[in-house]
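Undergrad: 3D, please:
(one chain, ligands or ions: 2)
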Amino acid sequence: MSGNAEQAARARSAVAAYLQRHETKSLLRFITCGSVDDGKSTLIGRLLHDTKLLLDDQLAALEADSRRHGTRGDEIDFALLVDGLAAEREQGITIDVAYRFFGTDKRKFIVADCPGHEQYTRNMATGASTADLAIVLVDARKGLLTQTRRHSYIVSLLGIRHVILAVNKMDLVDYDPEVFDDIVTGYRALAGQLGIPNVTCIPLSALKGDNMLERSAATPWYQGETLLEHLESVDAGRESGTGAFRLPVQWVCRPDQDFRGFAGTVASGPVSVGEEIAVLPSGQRSRVARIVTADGDLQRAFPGQAVTLTLSDEIDASRGDVIAAASSPPEVADQFAVHLLWMDEQPLLPGRPYWLKIGTRTVGAQVTEIKHKIDANTQDQLAAKHLELNEIAYCNLYLDQPIAFETYADSRELGAFILIDRQTNGTVGAGTLDFALRRAGNIHWQHIDVDKSARARIKHQQPRCLWFTGLSGSGKSTIANLVEKRLLAMGHHTYILDGDNVRHGLNKDLGFTDEDRVENIRRVAEVAKLMVDAGLIVLVSFISPFRAERRMAREMFDEGEFQEVFVDTPLQVAEQRDAKGLYAKARAGQIRNFTGIDSPYERPERPEHVLDTVAEDAAILAERLVRTLLPD
Ligand SMILES: Nc1ncnc2c1ncn2[C@@H]1O[C@H](COP(=O)(O)OS(=O)(=O)O)[C@@H](OP(=O)(O)O)[C@H]1O
Ligand SMILES: Nc1ncnc2c1ncn2[C@@H]1O[C@H](COP(=O)(O)OP(=O)(O)O)[C@@H](O)[C@H]1O
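TA: Residues are numbered from 1 along each chain as shown. Ligands and ions are numbered 1, 2, ... in the order given. Below you'll find the model as predicted:
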């Protein structure tokens, strides 16, 4: 195991042991937002230390560390306690969130601490996604800053309804109530704009301990709760929308013929034996026969419990389905308006296929439109064609299959999703479902009696899509042209879709930015699919520079129907040929985003055919390709 993995495993078992010890107390998860300069680390460190429930070994390590590196003489430097951030690798992405846990007589706490740096929006979103409350820290001397606004926006976006505005370093402004009041007035206005319903403002000095655990004599004008009092007493439980039973199926347990159980964690509930349920998205109904757990059967199960349900009817449900109360099942849809936070170095391109994971379900997904991106610092809405790392946008999202869902306002389990890159399997985005754009049931697939094989039969051919990819001037059009002539001579019914031609009509609105190329390929792949459905042999001749879109095109077709033909001509050679004079123009800076010059070409990894145009003549390559495709 790597150091990180070991650290993560240790942290997990420590968390589990801790939670068990404090089982009967309610749990508050919170996040702290602010920077080290605001005194964030000192605040968390003091909370952990002064509640005296800091794990002993952590404390020992801290005292040793402080003596070695501390900046405060013999005093313990609380900042050291939280600055060692645990790097967590989640789906291939490094997220710096440190989780700390502590408890008092009244409550147990898990605090997520995220770096406050501007670039770390994604870390903050990760920490905030499970939190019930956020402490937003401001330095009394500086007041509200751009980052205060950014943090509060992300807090509101992720549905946190309780904020403590911790006005820190009051000792450095002589505990002046006017300073505090001004900051509070400004923040209440901001919270109002962002729709954060519950805000509690506390004047503090984390360093001196004022109003942390005990009321400070230095702020006689403050009558409210101390920070710890508030954390212990606030009722920040998330009311789930309907509170109706939901269980996303994690796996189907089938040890023998007689037992079939659906295992998962109850997302909302409760659920009882005998209760009528519906399985979504199929809509089949049944009743709960048994609620099985490792410690025996239950009559009733509650949110957070891991259970296996058996049903009284033979019903098909698989991983990713949702079992729900039949009286109020979640909706089913395949198009949504969403808020999306982009977390990858590679930009988000509308039309590019990703995997979407929601609850236990994974489906194909595309952002069909970016409505606008949102400046997290100002909440201004800006036009955007793509999204960069840490950008947030309001988008339309389309899924390959309908899913059971709830809006994020109603359920974090069934209303929050992540996007996963299909090549790298890394998490590239995270978002919340705002509402369904189209109920899956509204547009039906029209059944047509005459099908692809009937159409192909009268043409005496097997419909195919020959997908030629390669640099401009590599020889795609030349060879496709020769192949078509040859096929026609053999009596086949064909059609060529050539980039240059299609860009004069169907795709004349598109240029050569990455996002326009993605859309260019998406459209031509859809057209090619229709033509194959019509029974034709289609030759597509597009640069199609990105693997993701060629893969998307491939996945639209049946097995063996799609044949990728890589016209493998080195850039140097294509540039030398320069049949259209475009390379010369690109080198002279007259054309921007030219493939191979200042726009990438991703070589195919496993094409069905590779044509070496340097070694062989176009006619020979075309002839060989036809013979390979149609050996008789
Ligand atoms: N910036 C830039 N980059 C690449 N190509 C350019 C550009 N500007 C114009 N052209 C001409 O457009 C043709 C490529 O269009 P495609 O639709 O095949 O391109 S892509 O698949 O969307 O990348 C391409 O045709 P081919 O040379 O036949 O490939 C060029 O003639
Ligand atoms: N072996 C070869 N295969 C294909 N084209 C070749 C070959 N050798 C030279 N060429 C020349 O290269 C150019 C390729 O242009 P074109 O077919 O329009 O490329 P693309 O469609 O990939 O942009 C043509 O002028 C063609 O005559």
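Undergrad: Need the outlier residue of this structure, farthest from its centre.
TA: residue 489 (50.8 Å; Cα atoms, centre = their mean).
Undergrad: Please report the confidence value the model assigns to that residue.
TA: Note for residue 489: predicted pLDDT of 93.
Undergrad: Look up phi and psi at it.
TA: Backbone torsions of residue 489, given as degrees, to the nearest 10, read phi -60, psi -30.
Undergrad: And the one 3 residues further on, by the same measure?
TA: Backbone dihedrals for residue 492, given as degrees, to the nearest 10, come out at phi -90, psi 150.
Undergrad: again, but for residue 351
TA: phi 90, psi -20.
Undergrad: Skipping its backbone neighbours, what lies nearest the residue in the chain that ligand 2 sits nearest to in space?
TA: Using Cβ to the nearest ligand atom, the single residue of the chain nearest to ligand 2 is residue 475, 2.5 Å away. In short, each C-beta sits where N, CA and C put it, glycine included. Once flanking residues are discounted, residue 475 sits nearest to residue 613: 4.5 Å by Cβ to Cβ, 6 or more residues apart in numbering.
Undergrad: Show me the helices in the stretch 301-450 of the chain, by range?
TA: Taking DSSP state H, counting those that start in this stretch, the helices of the stretch 301-450 of the chain run over residues 412-415.
Undergrad: Low-confidence ranges, it, go.
TA: 439-445 (pLDDT under 70).
Undergrad: Which parts of it are strands?
TA: 306-311, 322-325, 331-342, 354-358, 361-374, 381-382, 392-405, 416-420, 427-439 (DSSP state E, counting those that start in this stretch).
Undergrad: The stretch 451-600 of the chain too?
TA: Counting by DSSP E, counting those that start in this stretch, the strands of the stretch 451-600 of the chain are 464-469, 494-498, 537-541, 562-568.
Undergrad: and the last one, what other elements does it pack with?
TA: By that I understand strand 562-568. Counting contacts by 3 or more Cβ pairs under 8 Å, 6 or more residues apart in numbering; DSSP states H and E, strand 562-568 packs against strand 464-469, helix 476-489, helix 547-555, strand 609-612.
Undergrad: Please apply the same query to the second one.
TA: Helices and strands touching strand 494-498, by 3+ Cβ pairs under 8 Å, 6+ apart, are helix 476-489, helix 514-533, strand 537-541.
Undergrad: Tell me the strands beside that strand, with direction?
TA: Here strand 494-498 is paired, per DSSP bridges, with strand 537-541 (parallel).
Undergrad: can you put the helices and strands packed on strand 562-568 in CSV and add distance to ligand 1?
TA: Converted to CSV, the helices and strands packed on strand 562-568 look like this (distance: least, Cβ to the nearest ligand atom, whole Å):
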stretch, distance to ligand 1
strand 464-469, 8
helix 476-489, 5
helix 547-555, 8
strand 609-612, 15
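Undergrad: what's the most buried one of the ones you listed?
TA: Highest mean neighbour count among those (mean count of other Cβ atoms under 10 Å): strand 464-469, with a mean of 27.
Undergrad: Tell me the residues of this structure that contact ligand 2?
TA: Within the chain, the positions near ligand 2 by Cβ under 6 Å from any ligand atom are 470, 472-479, 541, 577, 579, 613, 616-618.
Undergrad: Report the contact partners of residue 28.
TA: The contact partners of residue 28, by Cβ atoms under 8 Å, 6 or more residues apart in numbering, come to 107, 108, 109, 110, 132, 133, 231, 234, 236.
Undergrad: Would you agree it falls within a strand?
TA: Yes - under DSSP: H, G, I helix; E, B strand; the rest coil, residue 28 falls within a strand.
Undergrad: what's the neighbour count on the nearest residue to it once chain neighbours are set aside?
TA: Residue nearest to residue 28 in three dimensions, not counting chain neighbours: residue 109, with 5.3 Å by Cβ to Cβ, 6+ apart. The number of residues packed near residue 109 is 24, by other Cβ atoms under 10 Å.
Undergrad: same deal with residue 496?
TA: 17.
Undergrad: Check it and give its pLDDT.
TA: 97.
Undergrad: what about the closest residue to it other than its chain neighbours, how many residues close to it?
TA: Sequence neighbours aside, residue 539 is the residue nearest to residue 496 in space, at 4.7 Å (criterion: Cβ to Cβ, 6+ apart). By other Cβ under 10 Å, 26 other residues sit near residue 539.
Undergrad: Return the set of residues that bridge with residue 539.
TA: Going by DSSP bridges, residue 539 forms beta bridges with residue 466, residue 496.
Undergrad: so who does it touch?
TA: Per Cβ under 8 Å, 6+ apart, neighbours of residue 539: 466, 468, 480, 483, 484, 494, 495, 496, 497.
Undergrad: Could you report the distance from the first one to residue 302?
TA: In this case it means residue 466. According to Cβ to Cβ, to the nearest Å, residue 466 stands 57 Å off from residue 302.
Undergrad: Name the residues of the stretch 101-250 of the chain found near ligand 1, please.
TA: Counting by Cβ under 6 Å from any ligand atom, no residue of the stretch 101-250 of the chain is near ligand 1.
Undergrad: Report the residue spans of the stretch 101-250 of the chain with pLDDT below the cut-off.
TA: Residues of the stretch 101-250 of the chain that meet the criterion pLDDT under 70 lie in 115-120, 237-242.
Undergrad: what are the ranges of the strands in it?
TA: According to DSSP E, counting those that start in this stretch, the strands that the stretch 101-250 of the chain contains are 107-113, 133-139, 162-168, 198-203, 246-248.
Undergrad: So which of these is nearest residue 292?
TA: strand 246-248 (12.7 Å; Cβ to Cβ).
Undergrad: picking up where we left off before, just the pLDDT at the residue nearest to residue 496, thanks.
TA: 98.
Undergrad: Over to the one 5 residues further on?
TA: Among the per-residue scores, residue 544 shows a pLDDT of 98.
Undergrad: Quick one: name the residues of this structure near ligand 1.
TA: Counting by Cβ under 6 Å from any ligand atom, the chain sits next to ligand 1 at 472-473, 477, 499-500, 503, 512, 517, 520-521, 542-545, 580, 582, 591, 593-595.
Undergrad: ok, now with 8 Å
TA: Counting by Cβ under 8 Å from any ligand atom, the residues of the chain close to ligand 1 are 469-474, 476-477, 498-500, 502-503, 507, 510-512, 516-517, 520-521, 524, 541-545, 579-580, 582, 586, 591-595, 599.
Undergrad: Among these, name the buried ones.
TA: With burial judged by 16 or more other Cβ atoms under 10 Å, the buried subset of these is 469-474, 476-477, 498-499, 502-503, 507, 510, 512, 516-517, 520-521, 524, 541-545, 582, 586, 591, 594-595, 599.
Undergrad: Between the two ends of stretch 30-46, what distance do you get?
TA: 16 Å (Cα to Cα, to the nearest Å).
Undergrad: Residue 351 is in contact with residue 525, isn't it?
TA: No - using Cβ atoms under 8 Å, residue 351 is not in contact with residue 525, being 10.3 Å away.
Undergrad: Low-confidence stretches in the stretch 501-632 of the chain?
TA: 632.
Undergrad: does residue 403 really touch residue 363, like I thought?
TA: Yes - with contact defined as Cβ under 8 Å, residue 403 reaches residue 363; the gap is 6.2 Å.
Undergrad: Please list all residues in contact with residue 543.
TA: So residue 543 contacts 469, 470, 471, 472, 476, 499, 517, 595, 601 (Cβ under 8 Å, 6+ apart).
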